[in-house]
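Asker: this one's sequence-less:
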């Protein structure tokens, strides 16, 4: 069974940085994408970034240039370095794992992902 555990959330001020971690275990397919999504209060969950295998990360326009997704060499732990944080980045951030190698065009969609973490709260406030 695949397990996904996020950590690293917290309360920061606008302009600060924060790094989230996503620890995965039980994955049998390292080529399956891992993604970050977020859900702000009163809003639907939205795509943030994904990585698949050795491909470069792909980002939502809202975070491009500010967030950096990376992983360890064992493809077990994934990170989301969040820089220049804004109030509108406030949300619960979720890590999700695709059990198969879904086509690239579908990797921004929630229903692509088979396993989800419990989420970690990020609050950006002055």
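Answerer: Happy to help now that I have it. Not measured: the values here are computed from a predicted model.
Asker: For the most centrally placed residue in the chain, what is the enclosing helix or strand?
Answerer: Residue closest to the average C-alpha location in the chain (Cα atoms, centre = their mean): residue 36, at 1.8 Å. Secondary structure from DSSP states H and E places residue 36 in strand 34-39.
Asker: What pairs with that strand, parallel or antiparallel?
Answerer: strand 46-51 (antiparallel), strand 91-97 (antiparallel) (DSSP bridges).
Asker: tell me which residues of that strand are tucked away?
Answerer: For strand 34-39, the neighbour count (16 or more other Cβ atoms under 10 Å) marks 34-38 as buried. (Glycine included, C-beta is placed from N, CA and C.)
Asker: got it, and stretch 14-24?
Answerer: Neighbour counts over stretch 14-24 (16+ other Cβ under 10 Å) mark 18, 20-22, 24 as buried.
Asker: Equivalent analysis for stretch 55-66, please.
Answerer: For stretch 55-66, the neighbour count (16+ other Cβ under 10 Å) marks 57-60, 63 as buried.
Asker: again, but for stretch 69-83
Answerer: Buried-residue list, stretch 69-83, by 16+ other Cβ under 10 Å: 69, 71, 75, 77-80, 82.
Asker: So which of those residues are in helices?
Answerer: Of these, none are assigned to helices by DSSP state H.
Asker: Looking at those, spot the one nearest residue 49.
Answerer: residue 69 (4.3 Å; Cβ to Cβ).
Asker: from the buried residues of stretch 69-83, which two are the most distant?
Answerer: Across these, no pair lies farther apart than 75 and 82, at 21.3 Å, counting by Cβ to Cβ.
Asker: For residue 81, which residues are in contact?
Answerer: The contact partners of residue 81, taken as Cβ atoms under 8 Å, 6 or more residues apart in numbering, are 17, 19, 67-70.
Asker: Now intersect those with the strands, please.
Answerer: 19, 67-70 (DSSP state E).
Asker: In JSON lines: those, plus pLDDT and distance to residue 7.
Answerer: Putting those into JSON lines (pLDDT from 0 to 100; distance: Cβ to Cβ, whole Å) gives the following:
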{"residue": "19", "pLDDT": "98", "distance to residue 7": "10"}
{"residue": "67", "pLDDT": "98", "distance to residue 7": "17"}
{"residue": "68", "pLDDT": "98", "distance to residue 7": "17"}
{"residue": "69", "pLDDT": "98", "distance to residue 7": "15"}
{"residue": "70", "pLDDT": "97", "distance to residue 7": "15"}
